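In: give the three-dimensional model of this entry:
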Amino acid sequence: MLNVVILAAGMGKRMQSSQPKVIQKIAGQSMLGRVINTARTLSPDQLLVVVGHGEQVIRDMFKDWPDVAFVSQWPQLGTGHAVLQAVQSISEPHDNNATMVLYGDVPLVQADTLQALLAASDNGLALLTETLEDPTGYGRIVRDDAGQVITIVEQKDADQSERLIKEVNTGMLVAPTDKLRGWLERLGCDNAQGEYYLTDIIKMAFADGVSINTIAPKASYETMGVNSRSQQAELERLYQRALAQKQMDGGVAIADPQRFDQRGELVCGQDVFIDVGCVFEGMVVLGDGVSIGAHCVLRDVTVGAGTQILPYSHLHQADIGNQAQIGPYARIRPGTRLDDGVHIGNFVEVKNSSIQANSKANHLAYIGDADIGQRVNIGAGTITCNYDGAQKHRTVIEDDVFIGSDTQLVAPVKVGKGATLGAGTTLTTDAPANKLTVSRTPQKTIENWQRPVKPPRKKS
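Out: Okay, here's the model as predicted:
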């Protein structure tokens, strides 16, 4: 059996936020949420989160995660005290029952690292450690002449020789639950911080003859914690650079890996190009040969092969076909399906609509709650008036329709196949197929009309 304990009770003063530190985001997801999801890959029998500052906010945020249980830590008396609160709530441990300790503000530890840590415990104790050129601030891993870990010394309690040690404690560990409980109950707080250090269990384990093994993470960002906005930004960039590298290793051309943001899952075909400043959220799939222009935002979008998304376009919950062209400055909103070869131009907004192959709206249009056929031309300034103040209504435009500029289609309304709507038309009833429909008031010229003239300004 495996129990996972995630420590998330700290205040995070240096974040200068009204919100708990652990719900701040890295790559679009809360830090605590990331740790929980990674822990889930181990299929733990119990997943416990120790909360304190901002407790109710955290509980509310994860209330719909049924596999997560919360344990309160009041007051906060150190990491050892925090883990003890969780371990005391674990059902009576049996043989091969292990507990893993993780941290809600160390969000990027990877699943394969945790698998390796669990395997290294081998019914004993396993530590995730790292060797740093500058170990300042970290607890040092102290080994005997045989290389066996015998204790961990915190920075504030380390002597001069111990501070030279470069192997440091990351805080993440696995231990037998029954032994862990006993060690935690024996902890004291005779140290510079006056706290119950989780690290003090190491010398107890060594004294009890329990094997202590160590492993190292593959990437340095896996063990980086967040205590300030600058650290949050630093970790974000490190992780985004790693995500960009993974995409480039798969063949994606990224104009500048330092200006790339993936905040979900991004699946790319061959010969995809991504320009600077683009953001990908949720689940995004880009087909072969897709080009994404500068400063686009795509969220939960599928884009077909050969499609071009031009700069400053926003796409959300949409399905885009092959060889389409969108933007620049286009907005594609949820519920939109664009078929192959569709063109959506600058300052065009599409919402909850289907547009079939080779239709186009190239300028300054709003298409909402509409079903548009093939080879339709939507003129500049056209809008579908889909909302009557209480209900949404649909507009149907059949194949080969030509919509003149500055047309308003007051839904519910239908435009028949091959119809033409003259510029400036306000359509309130169905337009028949293959005919020209126009609604305009007669043009007049007023003779002898004089334009008003401003009165001369008085001199002061």
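In: just the buried positions in the longest helix along the chain, please.
Out: If you go by DSSP state H, the chain has its longest helix at helix 229-249. For helix 229-249, burial by neighbour count (16 or more other CB atoms under 10 Å) applies to 232, 235-236, 238-240, 242-244, 247. Every C-beta, even on glycine, is put in place using the N, C-alpha and C of the backbone.
In: now these in a markdown table, with pLDDT and distance to D60?
Out: Below are the buried residues of helix 229-249 laid out as a markdown table (pLDDT from 0 to 100; distance: CB to CB, whole Å):
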| residue | pLDDT | distance to D60 |
| --- | --- | --- |
| Q232 | 98 | 22 |
| L235 | 97 | 25 |
| E236 | 98 | 25 |
| L238 | 97 | 30 |
| Y239 | 97 | 27 |
| Q240 | 98 | 29 |
| A242 | 97 | 32 |
| L243 | 98 | 30 |
| A244 | 98 | 34 |
| Q247 | 98 | 35 |
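In: which one of those is nearest to L102?
Out: Taking CB to CB as the measure, L102 lies nearest L235 of the buried residues of helix 229-249, at 15.9 Å.
In: avg pLDDT for stretch 453-460?
Out: Stretch 453-460 comes out with an average pLDDT of 82.
In: low-confidence ranges in the protein?
Out: 92-95, 460 (pLDDT under 70).
In: tell me where it has helices.
Out: Using DSSP H, helices in the chain cover 31-40, 55-61, 79-87, 111-121, 160-163, 177-185, 201-207, 229-249.
In: which elements pack onto the third one?
Out: This points to helix 79-87. Applying 3 or more CB pairs under 8 Å, 6 or more residues apart in numbering; DSSP states H and E, one finds that helix 79-87 contacts strand 2-8, strand 46-51, strand 68-72, strand 98-103, helix 177-185.
In: now L48: how far from E55?
Out: 14 Å (CB to CB, to the nearest Å).
In: what residues are shared contacts of these two?
Out: Common neighbours of L48 and E55, using CB atoms under 8 Å, 6 or more residues apart in numbering, are F70.
In: what about these two, which has more around it?
Out: A count of neighbours by other CB atoms under 10 Å puts L48 above the other of L48 and E55, at 22 against 18.
In: around the nearest residue to the more buried one once chain neighbours are set aside, count how many other residues there are.
Out: Once flanking residues are discounted, L48 sits nearest to A86: 4.5 Å by CB to CB, 6 or more residues apart in numbering. By other CB under 10 Å, 24 other residues sit near A86.
In: tell me who's in contact with A86.
Out: A86 neighbours (CB under 8 Å, 6+ apart): 3, 5, 48, 50, 71.
In: am I right that the second one is in contact with V87?
Out: Yes. Applying CB atoms under 8 Å, one finds V5 in contact with V87, separated by 7.2 Å.
In: ok, E185 touching L84?
Out: Yes. E185 lies in contact with L84 (CB under 8 Å); the separation is 7.0 Å.
In: so the two - more neighbours on which side?
Out: Between E185 and L84, L84 has the larger neighbour count (other CB under 10 Å), namely 24 against 11.
In: stretch 412-421: which residues count as buried?
Out: 413-416, 419-421.
In: and the end-to-end length of it?
Out: Distance between the two ends of stretch 412-421: 16 Å, counting by CA to CA, to the nearest Å.
In: need the contact partners of that stretch.
Out: 373, 393-404, 407, 409, 427-438.
In: what subset of those is buried?
Out: If we count by 16+ other CB under 10 Å, those have these buried: 373, 394-404, 407, 409, 427, 431, 437.
In: any idea how far Y366 lies from C296?
Out: 20 Å.
In: more neighbours, these two?
Out: Taking other CB under 10 Å, Y366 and C296 do not tie; C296 has more neighbours (23 against 20).
In: let me see the contact set for that one.
Out: 275, 278-279, 309, 311-315, 327.
In: what's the answer for S121, then?
Out: Taking CB under 8 Å, 6+ apart, one finds 98, 174-176, 213 in contact with S121.
In: tell me how many other residues crowd the closest residue to D45 other than its chain neighbours.
Out: Closest residue in space to D45, ignoring its immediate chain neighbours: M1 at 4.7 Å, by CB to CB, 6+ apart. M1 has 15 neighbouring residues, counting by other CB under 10 Å.
In: between the buried residues of stretch 412-421, which sits nearest E195?
Out: So of these, ranked by how close each gets to E195 (CB to CB), first place is V413, at 70.7 Å.
In: which strand residues bridge that closest one?
Out: When bridges are called by DSSP bridges, V413 pairs up with T395.
In: any idea how far it lies from A370?
Out: 10 Å.
In: shared neighbours, the two?
Out: Counting by CB under 8 Å, 6+ apart, the residues touching both V413 and A370 are 395-396.
In: from C278, how far out is A253?
Out: For A253 relative to C278 (CB to CB), the value is 12 Å.
In: and those two? which has more neighbours close in?
Out: C278 (24 against 13).
In: beta partners of that one?
Out: Residues in beta-bridge contact with C278 (DSSP bridges): F260.
In: residues contacting it?
Out: So C278 contacts 260-261, 292, 294-298 (CB under 8 Å, 6+ apart).
In: out of the residues you listed, which is most surrounded?
Out: I292 leads those on contacts (other CB under 10 Å) with 30 neighbours.
In: which strand residues bridge that one?
Out: Residues in beta-bridge contact with I292 (DSSP bridges): I274, I309.
In: what's it in contact with, if anything?
Out: 272-275, 278, 286, 298, 309.
In: now these in TSV, with distance to W65?
Out: Below are the contacts of I292 laid out as TSV (distance: CB to CB, whole Å):
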residue	distance to W65
V272	34
F273	38
I274	33
D275	37
C278	30
L286	30
L298	27
I309	34
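In: is it true that T407 touches A431?
Out: No. Between T407 and A431 there is no contact under CB under 8 Å: 10.2 Å.
In: quick revisit: state the distance from the residue nearest to L48 to N191.
Out: 21 Å.
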